[in-house]
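Participant: Take a look and give me a structure for this.
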Amino acid sequence: ILDWFVYRNLFVTMPGVEYYADEFQNIDSRWTAAGAVGIFPVRNNDVEWSISIGGGYQATDYISVEEGTPGSTNTGTLIPATNLDWELTGALELEFDYNGQISVPETENAFHHAFVLLSVEVWNDNIKLETSVTWDHVQSPRAREDGSVPQRDDIRTYIGFSLEI
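Facilitator: Model (predicted):
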């Protein structure tokens, strides 16, 4: 992702392409081509918070669908997003990312993604203990050929150490 600063806290995210696949959500492939514009309401030594809105084109192919249901969709997409990086203390950092992909004009085909990461410095700035939670939500999952419908929500958690060299 390439951001171009138009003014001190105003930026444009240059158009890019994203690929996504999720067997559990019945998504064989989803390609999104989009750009965005955003602002930094807060940007200092401890906190960086950005808000953006983007738009583009999205093509989705499903692994299997019920008979009579299209196996793919092609729509415009509206992409709201926010990112927060906050150094809570010298050794504790919080990161939060959210983005949505809302198809236009069929807004019921929305996808939401949120990620939270908490990092604690264990030794100097090199070794950190990190824990994260990722939430993906499909507003209207496409039923499979056998009639089963994927769950709307997928939540993943991770705990681990990171080493910065």
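Participant: confidence score at residue 123?
Facilitator: As predicted, residue 123 sits at a pLDDT of 82.
Participant: and it, how many neighbours?
Facilitator: Residue 123: 10 surrounding residues under other CB atoms under 10 Å. (C-beta placed from N, C-alpha, C; glycine too.)
Participant: tell me which residues form a beta bridge with it?
Facilitator: Taking DSSP bridges as the rule, residue 123 bridges to residue 127.
Participant: now swap in residue 77 and tell me
Facilitator: Note on residue 77: beta-bridge partners by DSSP bridges are residue 56, residue 103.
Participant: Identify the residues contacting it.
Facilitator: Contacts were defined as CB atoms under 8 Å, 6 or more residues apart in numbering; by that measure residue 77 touches 32, 34, 55-58, 101-104.
Participant: Shouldn't residue 24 be within a helix?
Facilitator: Yes - counting by DSSP: H, G, I helix; E, B strand; the rest coil, residue 24 is found in a helix.
Participant: didn't it look like it was pressed against residue 149?
Facilitator: No - applying CB atoms under 8 Å, one finds residue 24 not in contact with residue 149, separated by 11.8 Å.
Participant: centre of the chain versus stretch 101-109, how much separation?
Facilitator: Here the centre of stretch 101-109 is set off from its chain's centre by 16 Å, with CA atoms, centre = their mean, to the nearest Å.
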